[in-house]
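Student: Provided below for reference: sequence and predicted model.
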Amino acid sequence: MTDTSRATARQLQSLLLSYPDEALTGRLPLVRRGIGTLPASWRPSLESFADHVAATPPLDLAAGYVTAFDHHKRLSPYLTYFTQGDTRNRGMALLRLKNTYRGAGLVLDGGELPDHLSVVLEFAATCPVAGERVLGEFRPAIELLRAGLADAGSPWASVLDSITETLPALNSRERRRVARLAAAGPPLESVGLAPFAPPGHTCDGEARP
């Protein structure tokens with residue numbers, strides 16, 4: 001396992017979790033070459049999804065994406081939804097992510113929210129230390145999304161399998177948090193907390209003053 005392999009895996013995972021327009025089909029040969037550079041144990045999940053993309057007409061692939069992610073909030077690709085729900089605290093969490101990206105010298109183009117899993121993965125591919133830390137913070141949400149997609153029989157579950165396979169195993173505290181979130185669901189609205197912006201991070205993981 002190398003830093004380059006992990007960055008490649010994150011970039012591939014990000015691409016495959018983005019909305020599947022026709023450009024994805026055109027990039028499929030490049031995706032397959034990228035998968036071929038990964039450690040052997042990391043390849044099967046991504047290869048399975050690449051096979052699905054190759055065998056599915058673009059319009060059907062796009063419809064499948066909408067069915068998997070847009071119709072069920074419990075399968076939301078927006079990670080803060082699992083931990084913050086539709087509350088004011090979610091806005092604070094989004095601001096925190098934006099500041100993390102900005103501190104690393106990255107600015108979103110406005111096309112997607114900063115907590116979309118594909119955006120977080122792209123950040124991890126670009127700034128591995130800070131990006132892996134963000135993925136670790138959202139580990140319970142990622143596990144809930146993976147389990148939900150698997151239960152729904154979604155082909156996108158293979159991409160989530162790839163992510164969890166390349167993250168540290170859940171520890172006992174994280175497992176308890178996953179169980180609590182699964183049982184209670186996203187929190188309801190709460191008030192009384194003022195927004196804050198923590199310091200950003202550089203790509204080498206050092207906080208900026």
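Tutor: In hand now; what should we look at?

Student: Ramachandran coordinates for Trp156?
Tutor: When read as degrees, to the nearest 10, the backbone of Trp156 gives phi -70, psi -10.

Student: and Gly185, how many neighbours?
Tutor: Other residues within reach of Gly185, judged by other C-beta atoms under 10 Å, total 12. The way it works is simple: take the backbone N, C-alpha and C, and place the C-beta from them, glycine included.

Student: State the distance from it to Phe82.
Tutor: 9 Å (C-beta to C-beta, to the nearest Å).

Student: now Pro114
Tutor: In terms of C-beta to C-beta, Pro114 sits 15 Å off from Phe82.

Student: Check Arg90 too.
Tutor: Here Arg90 is placed at a distance of 10 Å from Phe82 (C-beta to C-beta).

Student: Those two - which one has more neighbours?
Tutor: Taking Arg90 and Phe82 together and counting by other C-beta under 10 Å, Phe82 has the greater number of neighbours (25 against 20).

Student: what about Leu108, which SS state?
Tutor: At Leu108 the chain is in coil, as set by DSSP: H, G, I helix; E, B strand; the rest coil.

Student: Spatially, what comes nearest to the residue nearest the centre of the chain if we skip its sequence neighbours?
Tutor: Nearest to the mean C-alpha position of the chain, counting by C-alpha atoms, centre = their mean, stands Leu117 at 2.4 Å. Nearest non-adjacent residue to Leu117, counting by C-beta to C-beta, 6 or more residues apart in numbering: Pro77, 4.8 Å away.

Student: Tell me if I'm right that the one you found and Ser118 touch.
Tutor: Yes. Pro77 is within contact range of Ser118, at 7.0 Å (criterion: C-beta atoms under 8 Å).

Student: which residues do the two both contact?
Tutor: Shared contacts of Pro77 and Ser118, defined by C-beta atoms under 8 Å, 6 or more residues apart in numbering, comprise Leu17.

Student: Comparing these two, which shows the higher neighbour count?
Tutor: It is Pro77, of Pro77 and Ser118, that has more neighbours when counted by other C-beta under 10 Å, with 25 against 17.

Student: check contacts around the more buried one.
Tutor: 17, 69, 116-118, 145.

Student: Show me what counts as buried in stretch 19-31.
Tutor: For stretch 19-31, burial by neighbour count (16 or more other C-beta atoms under 10 Å) applies to 19-20, 24-25, 31.

Student: I would like the residues contacting it, please.
Tutor: Contacts of stretch 19-31 (C-beta under 8 Å, 6+ apart): 12, 15-16, 18, 46, 50, 53-54, 58, 61-62, 65.

Student: which of those residues are buried?
Tutor: 12, 15-16, 18, 46, 50, 53, 61-62, 65.

Student: got those as JSON lines, with distance to Glu122 columns?
Tutor: Output for the buried ones among the contacts of stretch 19-31, formatted as JSON lines (distance: C-beta to C-beta, whole Å):
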{"residue": "Leu12", "distance to Glu122": "11"}
{"residue": "Leu15", "distance to Glu122": "8"}
{"residue": "Leu16", "distance to Glu122": "12"}
{"residue": "Ser18", "distance to Glu122": "9"}
{"residue": "Leu46", "distance to Glu122": "16"}
{"residue": "Ala50", "distance to Glu122": "18"}
{"residue": "Val53", "distance to Glu122": "18"}
{"residue": "Leu61", "distance to Glu122": "20"}
{"residue": "Ala62", "distance to Glu122": "20"}
{"residue": "Tyr65", "distance to Glu122": "17"}
